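Asker: have a look; sequence and predicted model below, questions after that.
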Amino acid sequence: MTIGMRPVLGGLDMITIRKSGERGRANHGWLDTHFTFSFADYFDPEHVQFRTLRVMNDDRVAGGGGFPPHPHRDMEIVTYVLEGALQHQDSMGNGSVIKPGDIQYMSAGSGVTHSEFNASKTEPVHLYQIWMMPDRRGYKPAYDQKNFSEAEKRGQLRLLASPDGRDGSVKIRQNNELYATVLGAGEQVKHALKPERHAYVQVARGSVKLNGKPLGTGDGAAISAEKSVELTGIDNAEVLLFDLA
């Protein structure tokens, strides 16, 4: 399923841009969040998912705020913290603090309960929570957390999650790959896409050009039938790139 209302066509190539301001939004005081895809009370039939990428929530949680224990099942959940720290606890017995540079992975599988709270009573935490559908239902729940320094992402694409766990990435239960990069002005990275593969780019902060097209903070783009994804920094930017089956 493709998404969005802004296709940019060139021959058979297609990039569908989802501008930051077009996303769904909910502000509960303690939580200010933007939804790339339909989530909770926000529903848009044209923005339900892209391939197996189901949720891309841009969350800002105020000091002392958080999500009390709640259940999940049959979803691959990745949390990427930009600022602040997030306290996690789950029914598997895991307890951790997720900080910038950390990737937290939770495979909900046959069922898991967890809670997430801002680890600070005063400072906000800014994070992306990402859900991907697994390659099958009913897995035993699983958990992992790894740190990837800014130096590993500076001027290059760092593999964070993959189906085979290569290069020290988190191993996930879907044929998707997640990369992150930090780019200064003029810095460029390029990622080749194999035939029948797709990509999604999310600008976490700053601004870049995606195959020559400008994207700013919070903007995303679904990519199909392109041979490669090229990102060029306009100003200091942090970008997530998904390579999707």
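Answerer: That came through fine.
Asker: measure the closest residue to Q188 other than its chain neighbours to H47 for me?
Answerer: Counting by CB to CB, 6 or more residues apart in numbering, the nearest residue to Q188 once its immediate chain neighbours are dropped is T232, at 4.6 Å. (Each C-beta comes from the backbone N, C-alpha and C, glycine too.) Using CB to CB, to the nearest Å, one gets 26 Å for the distance from T232 to H47.
Asker: higher neighbour count, these two?
Answerer: Of the pair T232 and H47, H47 is the one with more neighbours under other CB atoms under 10 Å, namely 24 against 18.
Asker: doesn't that one belong to a strand?
Answerer: No: when DSSP: H, G, I helix; E, B strand; the rest coil is applied, H47 is found to be coil, with no strand at that position.
Asker: was I right to think it contacts L53?
Answerer: No: proximity of H47 to L53 does not meet the contact threshold set by CB atoms under 8 Å, at 11.4 Å.
Asker: show me the common contact partners of the two, please.
Answerer: Between them, H47 and L53 share these contacting residues under CB atoms under 8 Å, 6 or more residues apart in numbering: F37.
Asker: I234: how many residues sit nearby?
Answerer: Look at I234: counted by other CB under 10 Å, it has 17 neighbours.
Asker: how about the nearest residue to it, chain neighbours excluded?
Answerer: Nearest residue to I234 in three dimensions, chain neighbours excluded: S207, at 4.2 Å (CB to CB, 6+ apart).
Asker: for E230, same thing?
Answerer: Counting by CB to CB, 6+ apart, E230 lies nearest to K190, which is 4.8 Å off, once chain neighbours are set aside.
Asker: host element of that neighbour?
Answerer: Using DSSP states H and E, K190 sits in strand 188-192.
Asker: what ranges does this protein have for its helices?
Answerer: 150-153 (DSSP state H).
Asker: the residue nearest to E230: neighbour count?
Answerer: K190 sits with 11 neighbouring residues when counted by other CB under 10 Å.
Asker: next up, the contacts around it.
Answerer: Applying CB under 8 Å, 6+ apart, one finds that K190 lies in contact with S228, V229, E230, L231.
Asker: make a markdown table out of those residues and add distance to A245.
Answerer: Conversion of the contacts of K190 to a markdown table gives the following (distance: CB to CB, whole Å):
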| residue | distance to A245 |
| --- | --- |
| S228 | 17 |
| V229 | 15 |
| E230 | 21 |
| L231 | 21 |
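Asker: from those, which would you call buried?
Answerer: Judged by neighbour count, with 16 or more other CB atoms under 10 Å as the criterion, the buried members of the contacts of K190 are V229, L231.
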